[in-house]
Structures are given as C-alpha cells and as structure tokens.
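# everything below, folded, please.
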Amino acid sequence: MTGFSQDSLMMLLRIAVVPILLITIYLRNRAVRRRRAAQAASPAPDAPPPLPPIDPDTAEEAQLRAALGRARAGDRVTSNRGEALTRWQLAGALAALLLSQGRQDAAEDVLQGVQAAAEPGRWPALLQLARVWATAGQGDAARALLAEAAELRLAMMRSSARGDPLHLAELLAEDPPHPRDLHDPALARAGPLCWLVLAGRDGDARALVRTLLPRLDRALAESAGDPTGKVDGFPRPLLADLRQRLAATGAPGDVVSGPGCGGLGTGQSPTAALSPAPDTARRNTP
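Below is the predicted model of the structure:
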C-alpha cells in the first residue's frame, strides 16, 4: 500500500513539472519581449536625432547633403508630404541644384555609383547624370542614360497600374512641362514618353501609346450615351482627355504637344537636343 502511494505521488509530481516548466518559459519570454520593446522605444544615446521632413526641390545644399548622408546610412528620410525619399531621389535633387549653379564636377561626384546600382528607383539620379554627360559633350552616353531612366520609370508605372491599361494611360498622360533638351531642368518633371523621344527612341514611345489607344477607344465606346458614366472607375471626360493627349504622341504624323521632347514638335533632331547648355541654368522647377 505504501509502495503504491509513493508511486502515485511520483507520478503526480512528474505531471506537475510540465505546466510549471511551461509557465516558467512563458514568463521568461514575456520579460525578454518587454525588455526588447523598451530598448527599441528608447534610441541609443549616440543615435543622431531624426531629420525633419524636407522638400527636395527647394532645400538648400546643406540640407540635401545631410539628408543624403542619412539615407546612405540606412536612415529614413521623408518629404514634407510624408513620402519616403530614397538615396537616389536625394542624390538627383542635389545634383540638380549643383547643375543649376554650374558645378558639373560636383554634380557628377554626387551621382557616383548610380550606374552600378540595382534599385529600380535610381532613375532620378540617371536623369541628372544624363544632363551632366550631355553638358560634357558625351551625347550618345547621355541618351543611353536617358533611355535607361525611361525604361525604369515605365517598369514602375506598369507595376503601379497592375496590368490595367487605363491606369497606365492615366500615368503616362500626365501633363508635365516638356523639356526643350537634355539641359533643361524640367527634364526631371517630364515623363518616360518624353525621355524616350529625347533619347532618340520616339518610335518606341509611339508604339507604346498605340497599344493603349484601342483600349481607350473601347472604354469610350462602352460609355457612349452616358456622358457622366464611368468605365472601370474612370469618368468618361477623363478617358476622353487621356485619349486626346496620348494620341498627340502616338498617332502617325502627329507631334508631341508642347515644345521639346526630342523636337517632334519643333523640327529639331535628337542630336540637337544636346546643344550647348545656356549660360544661366535654372533650378529643377517647372
């Protein structure tokens, strides 16, 4: 009887050990999580203070250099609109400022490494490097950089459109200022169709537009008779406007609306777009 009682007691002890171990592990893990959360909430004493949001188009050189240094270190930099700014966006903005001051060598130094980079968002820096090389008389290399920037931007637009041709048409038909040549600061505010034209690939730009026009025509036909109707969430007046603006680029014999963009609207050749830059350069503003 005594032996049976001892066996029973040992069995109960063995059974009790399991929940005790589980509770101990749970309490220890919870303490570790709380300690890590407290450490994450309080920055290290030597950590630099967060940068205030900046406007890359109007920021001064010192602000842009500080923001670029932080971005290269992996810190988050935001615009005054709350959007995250990449190192290549900041490098492009700083290079644009330096170019507006006639400091081509300094601008090229800021853009070092962009050609070897793999980020698809490096296109703003490629645009400014194309301007630097165009000023240096390296026309073919400048046009190649501009075409690469256009392809990267188009890839990002296609990703944003998620296979919707109407959305892609909306992105491509934005109406930015049209740069006259590769020296124009408005180059960064144009779109990939204009960049392709300035790079001497106007045929590619028109071919892309021609793939979108039939889809726009079908959407307009589907909404005929209902001027206020929508097709796939797009109002009919917007579709008509998109169709008109894209047709100006994609239709045979038509010209790009506005001056520049390789001269399809002005009669100049892509090579003419690499003419010497004016003495007084402007900041990267419309």
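# and P259, what's its pLDDT?
Looking at P259, its pLDDT is 40.
# and R282, by the same measure?
At R282, pLDDT is 36.
# likewise D140?
For D140, the model assigns a pLDDT of 93.
# element containing it, please.
Assessed by DSSP states H and E, D140 sits inside helix 139-161.
# that helix: which residues count as buried?
139, 142-154, 157, 161 (16 or more other CB atoms under 10 Å). All C-beta atoms are positioned from the backbone trio N, CA, C, and that covers glycine.
# in those residues, find the pair that's most separated.
Farthest-apart pair in these is G139 and A161; separation 32.4 Å (CB to CB).
# centroid-nearest residue for this structure?
Residue closest to the mean C-alpha point of the chain, counted by CA atoms, centre = their mean, is G121 at 4.8 Å.
# can you pull the contacts of that one?
Applying CB atoms under 8 Å, 6 or more residues apart in numbering, we find G121 in contact with T86, W88, Q89, L152, M156.
# so it, which state does it fall into?
Secondary structure state of G121, per DSSP: H, G, I helix; E, B strand; the rest coil, is helix.
# go on, D226?
When classified by three-state DSSP, D226 comes out as coil.
# return the distance of it relative to P235.
10 Å (CB to CB, to the nearest Å).
# which of these two has more residues huddled nearby?
Legend: neighbour count by other CB atoms under 10 Å for D226 and P235, higher for P235 (14 against 10).
# please settle this for me: is A116 part of a helix?
No - A116 is assigned coil when assessed by three-state DSSP, not a helix.
# next, give phi and psi for it.
phi -90, psi -10 (degrees, to the nearest 10).
# do the same with K230
Given degrees, to the nearest 10, the pair of backbone angles that K230 has is phi -130, psi 150.
# pretty sure it sits against L220.
No - using CB atoms under 8 Å, K230 makes no contact with L220, being 11.8 Å away.
# shared neighbours of these two, anything?
R236.
# name the nearest residue to E108, sequence neighbours excluded.
Distances taken as CB to CB, 6 or more residues apart in numbering place V132 nearest to E108, at 4.9 Å, with adjacent residues excluded.
# ok, that neighbour - contacts?
Going by CB under 8 Å, 6+ apart, V132 touches A95, L99, Q104, A107, E108, L111.
# now do the buried residues in stretch 84-104.
Of the residues in stretch 84-104, 85, 87-100, 103-104 count as buried by neighbour count, 16+ other CB under 10 Å.
# which members of the residues you listed occur in strands, if any?
Residues of the buried residues of stretch 84-104 located in strands (DSSP state E): none.
# which ones among those map onto helices?
If you go by DSSP state H, those have 87-100, 104 in helices.
# on that earlier part again, and which of the contacts of G121 is nearest R189?
Q89 (13.1 Å).
# how close does the residue nearest to E108 get to A107?
Distance of V132 to A107, computed by CB to CB: 5 Å.
# and if you look at H167?
H167 is 34 Å from A107, where distance means CB to CB.
# how about V17?
Plainly put, V17 is 70 Å away from A107 if you go by CB to CB.
# who has more neighbours out of those two?
A107 (24 against 10).
# you'd agree the more buried one is up against A95?
Yes - at 4.1 Å, A107 counts as touching A95 under the criterion of CB under 8 Å.
# can you pull the pLDDT of L274?
Confidence score, pLDDT, at L274: 49.
# oh sorry, the question was meant for S5
pLDDT, S5: 72.
# ok now the helix or strand harbouring L21, how far from the chain's centre?
Using DSSP H and E, L21 falls within helix 2-41. Mean-position distance between helix 2-41 and its chain equals 52 Å (CA atoms, centre = their mean, to the nearest Å).
# neighbours of L51, how many?
17.
# residues contacting A173?
A173 makes contact with D241, L242, R245, L246, according to CB under 8 Å, 6+ apart.
# so how far is R35 from it?
As for A173, its distance to R35 is 54 Å (criterion: CB to CB).
# now do G121
As judged by CB to CB, G121 and R35 stand 37 Å apart.
# hang on, N80 packs against I54?
Yes - assessed by CB under 8 Å, N80 is found in contact with I54 at 6.6 Å.
# out of those two, which sits in the busier spot?
Neighbours were counted for N80 and for I54 using other CB under 10 Å; I54 has more, 20 against 13.
# residues touching the more buried one, list them.
Q63, L64, A67, V77, S79, N80, L85.
# identify the farthest-apart pair in those residues.
Checking those with CB to CB, the most distant pair is L64 and N80, at 13.5 Å.
# which neighbours do A107 and A95 share?
Counting by CB under 8 Å, 6+ apart, the residues touching both A107 and A95 are Q128, V132.
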